[in-house]
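Engineer: give the three-dimensional model of this entry:
(chains A and B)
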Amino acid sequence: DVKVTQSSRYLVKRTGEKVFLECVQDMDHENMFWYRQDPGLGLRLIYFSYDVKMKEKGDIPEGYSVSREKKERFSLILESASTNQTSMYLCASGQVQETQYFGPGTRLLVL
Amino acid sequence: AQSVTQLGSHVSVSEGALVLLRCNYSSSVPPYLFWYVQYPNQGLQLLLKYTSAATLVKGINGFEAEFKKSETSFHLTKPSAHMSDAAEYFCAVSEQLMEYGNKLVFGAGTILRVKS
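Structural biologist: A predicted model of the protein is given here:
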């Protein structure tokens, strides 16, 4: 079975803090993704990566950055957390034009 | 850009009744289409996907969906609802990203409630 793990299920941070969310997949997938999920909006793509050290902006990249130093690991970074970044963050991985497999999500609360 | 519309943010059915969750997409070319399910406090799990083979796609847990190009629809059905089907359901369409991959464009989701 494909396994996508995320470093934390719940996080509470303060405004202005730097926040790291980490995602690891075990299926040697080329593509990895970070989505943000908000009620009534579905999931929106923040960033994706199609190879080590390669990244592309998604639909809502502002306030976020990413890092992919190893194929299996994809990190989302909030440089200076703000309250409007309180959300559920979901990582996914997959091959080109194939199914994306999702991690369990990280629920982030920024106070 | 692709878009996905799920009609009805909340659907309520009785246990044993037909489940119908509606999804329309905007693509002008045959897309890859997906239905995912999300149980409370969990990630998304693939229910089924359409990849231009058979138009009627069978998935897990007794769900199926029919691709209708003329209606640009991909509605999800299950003949008989079970209490364990209560969850949020997302329809998604695949959109090509350059030559490197694809992203999923999601609908807003439909919360399914099953009444005993």
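Engineer: who's in contact with the spatially most central residue of chain A?
Structural biologist: By CA atoms, centre = their mean, chain A has its centre lying nearest to A:Trp34, at 3.0 Å. A:Trp34 makes contact with A:21, A:23, A:45-48, A:58, A:64, A:66, A:74, A:76, A:89-91 under the criterion CB atoms under 8 Å, 6 or more residues apart in numbering or on different chains. In short, each C-beta sits where N, CA and C put it, glycine included.
Engineer: keep these, but drop any that are not near chain B.
Structural biologist: A:Leu45, A:Phe48, A:Gly58, A:Leu90 (CB under 8 Å from any CB of the partner chain).
Engineer: coming back round to it: what are the bridge partners for the residue nearest to the centre of chain A, then?
Structural biologist: Legend: beta-bridge partners of A:Trp34 under DSSP bridges are A:Tyr47, A:Cys91.
Engineer: which SSE is immediately downstream of the host helix or strand of B:Val37?
Structural biologist: According to DSSP states H and E, B:Val37 maps onto strand B:33-38. Going down the chain from strand B:33-38, the next helix or strand is strand B:44-50, by DSSP H and E.
Engineer: that next one pairs with which strands?
Structural biologist: Sheet pairing for strand B:44-50, using DSSP bridges, gives strand B:33-38 (antiparallel).
Engineer: mind listing the strands for chain A?
Structural biologist: Here chain A has its strands, by DSSP state E, at A:4-6, A:10-13, A:19-25, A:31-38, A:42-51, A:54-57, A:64-70, A:73-78, A:87-94, A:101-102, A:106-110.
Engineer: list the buried residues in the biggest strand by length in chain B.
Structural biologist: Ranked by residue count, the top strand of chain B under DSSP E comes out as strand B:87-97. Going by neighbour count (16 or more other CB atoms under 10 Å in any protein chain shown), the buried part of strand B:87-97 is B:Ala87, B:Glu88, B:Tyr89, B:Phe90, B:Cys91, B:Ala92, B:Val93, B:Ser94, B:Glu95, B:Leu97.
Engineer: please list which of those residues also come close to chain A.
Structural biologist: Residues of those in contact with chain A (CB under 8 Å from any CB): B:Phe90, B:Ala92, B:Ser94, B:Leu97.
Engineer: got CSV for those, with pLDDT and distance to A:Val2 too?
Structural biologist: Shown next, in CSV, are those (pLDDT from 0 to 100; distance: CB to CB, whole Å):
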residue, pLDDT, distance to A:Val2
B:Phe90, 96, 18
B:Ala92, 93, 17
B:Ser94, 87, 17
B:Leu97, 72, 21
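Engineer: which of the residues you listed lies closest to A:Val52?
Structural biologist: Nearest to A:Val52 among those is B:Leu97, at 17.0 Å by CB to CB.
Engineer: so that closest one bridges to which residues?
Structural biologist: Counting by DSSP bridges, B:Leu97 forms beta bridges with B:Gly101.
Engineer: for it, list the residues it contacts.
Structural biologist: Neighbouring residues of B:Leu97 by CB under 8 Å, 6+ apart: A:Phe48, A:Tyr50, A:Glu56, B:Lys103.
Engineer: neighbour-wise, which of these leads?
Structural biologist: A:Phe48 (26 neighbours; other CB atoms under 10 Å in any protein chain shown).
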